[in-house]
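Colleague: Give me a model of this one.
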Amino acid sequence: MTAISKRLPQPVAAYIRATNEHDVAAFIACFTEDAEVNDAAREFRGIEAIRAWSEREIVAPRVTLEVLDVAKINGEVIVTTKVDGNFDRTGLPDPVIIDHHVTLANERICRLTCVLAGAGKPA
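Modeller: Purely as a prediction, here's the structure:
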């Protein structure tokens, strides 16, 4: 375990692990029932919408995340990752570096916003 990954709160570490293991059940267990995900300015609300998104855009293309940095700012955990997998990279930088802005509630993710690193979080 790297020094960076030791700084991950348990629910965020579980989210990264479930993503890398392509485990939908473990992935969904990281979120609250009414969680919201914003991925590239697309909104997914509620556990079933998040399940469908994860199956289609994380598990099917075999996405993996390599944690590069972790910060805690204004109640959010911001995890910077290098993203790999079998997805369309048209228009994306190489390597693909994504910031995951995570808000936790009761040891689960209640809000996740994924943006290209350096792009800033959408309002």
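
Colleague: Could I get the CA-only coordinates of the longest helix along the chain as CSV?
Modeller: In the chain, taking DSSP state H as the definition, the longest helix is helix 10-21. C-alpha atoms of helix 10-21 as CSV (Å, rounded to 0.1, in the frame of the first residue of the first chain):
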residue,chain,number,x,y,z
GLN,A,10,-12.2,3.6,3.8
PRO,A,11,-15.3,4.3,1.6
VAL,A,12,-13.2,5.9,-1.0
ALA,A,13,-10.6,3.1,-0.9
ALA,A,14,-13.5,0.6,-1.4
TYR,A,15,-14.8,2.6,-4.4
ILE,A,16,-11.3,2.5,-6.0
ARG,A,17,-10.9,-1.2,-5.2
ALA,A,18,-14.4,-2.1,-6.6
THR,A,19,-13.7,-0.1,-9.8
ASN,A,20,-10.3,-1.9,-10.3
GLU,A,21,-11.9,-5.3,-9.6
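
Colleague: Can you name the element that comes right after that helix?
Modeller: helix 24-28 (DSSP states H and E).

Colleague: which element follows that next one toward the C-terminus?
Modeller: strand 31-39.
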